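> heads up, no residue letters with this:
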């Protein structure tokens, strides 16, 4: 073992990384990235926790990776720029996937809530390549298997957002697991990204509220700079979710018209705006991560591997948000989601070809739901995993499945005083 990482809660030993290449020859050439692929230049971190294993776990997962890379060969390539300066995946430069084996000196349960790992533990369970920030040589995927004293193990991966969104990541992981179990792929990946190429000339329709610049008239930036920033996973049980659905529906007798996602998103948006002590005239922006695979007039192939999300926007002042009934906020969200039509998506693809979302200001909240991700299918032969998120941006919020009482865990970060207020607002739902 080359390295030993220590802190008060977790000690691991890591091997030197070895490179995993596709088991057989794969197509060469390059694959152009769409404008949507280039909107999120970051690594996505995922941690899969398994309660049991055997002596073959590392070798089995490593061999299955070499086999799945034959089907998902762009993952073994590297980014490059074509003659027009546009990003592509160079599939001829197959530098492979760095793979690390590690052992921990504790049981998995010692990690606590594995939906939200602290940065120190995450850094030890997910291998980050030292060349990650050099575009042309950075691996698009790294993998680490960590075995624990209890017999369980964790598979931690870092995957470039340039080549996959959450749905595509789940498809890749499930395919990897299928091969590990000795099964054929249930879905064959599609790497033809020209399906979502921008049009020439572009055909752009607005409005584009996601690009509206908002002034921080509430001085929230100082709050973020001066206070400890904390992440928490807050549980909303079935009773709280039912309460929110009633509040999110004008006619409380017809709760089916307001989905759980819409009702919960409306509450989180309002509660966060209150917790941050925004001034009444402070504008508050909500971006909703919407998967458009089934929204196009010509649906994408089931196995399309790439980024297929847009970010419809809700924009209003904090005063409007808290003075209107919650069903009005839910209506804003419902209309924004419904706006993600075929023409909306095509227009965004054209617009994003020459425009990028910059860093998100503190007045912006981005909500994404993982509740429909099929990560329970990521069974490598040792049972279903539990999924943990990695680093999330400070303005991001995730909805994750929570097995207790068929609830949802809301994962987000706030300055300490704001988090205390937000938690109180959640608790007050019990009395609603």
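Cool, got the structure. What you are looking at is a predicted structure, and each value in this text was computed from that prediction instead of being measured.
> do you know how far residue 395 is from residue 284?
From residue 395 across to residue 284, the span is 11 Å (CB to CB, to the nearest Å). Where C-beta positions appear, they are placed from N, C-alpha and C, glycine not excepted.
> which helices and strands does the helix or strand harbouring residue 397 pack with?
For residue 397, the host element (DSSP states H and E) is strand 396-402. Applying 3 or more CB pairs under 8 Å, 6 or more residues apart in numbering; DSSP states H and E, we find strand 396-402 packed against strand 229-236, helix 260-275, strand 364-369, strand 386-389, strand 407-415.
> just the terminal-to-terminal distance for stretch 304-318.
39 Å (CA to CA, to the nearest Å).
> quick one: distance of it to the chain centre.
Its chain's average C-alpha position is 13 Å from that of stretch 304-318, according to CA atoms, centre = their mean, to the nearest Å.
> i'd like the first residue to be 475 from this point on
Renumbered: residue one is now 475, and that last one reads stretch 778-792.
> so what's residue 678 up against?
821, 824-825 (CB atoms under 8 Å, 6 or more residues apart in numbering).
> need the per-residue pLDDT for it.
Here, the pLDDT recorded for residue 678 equals 86.
> how about the contacts made by the residue most central in space within the chain?
Per CA atoms, centre = their mean, the C-alpha nearest to the average position across the chain is that of residue 640, at 5.4 Å. Counting by CB under 8 Å, 6+ apart, residue 640 touches 518, 783, 842, 844, 847.
> and it, how far from residue 780?
From residue 640 across to residue 780, the span is 12 Å (CB to CB).
> same question for residue 516.
16 Å.
> the more surrounded of the two?
Each of residue 516 and residue 780 has its neighbours counted (other CB atoms under 10 Å); residue 780 has more, 24 against 11.
> counting neighbours, what do you get for the closest residue to the more buried one other than its chain neighbours?
The shortest distance from residue 780 to any non-neighbouring residue, by CB to CB, 6 or more residues apart in numbering, is to residue 667 (5.4 Å). Counted by other CB under 10 Å, the residues lying close to residue 667 total 21.
> cool, the one 5 residues further on as well?
Number of residues near residue 672 (other CB under 10 Å) recorded here: 18.
> strands along the stretch 475-624 of the chain, start to end?
Taking DSSP state E, counting those that start in this stretch as the criterion, the stretch 475-624 of the chain contains strands spanning 477-479, 486-488, 492-494, 504-506, 517-524, 552-555, 561-564, 571-578, 615-621.
> nearest to residue 795 among those would be which one?
The closest of the strands of the stretch 475-624 of the chain to residue 795 is strand 517-524. By CB to CB, the value is 30.0 Å.
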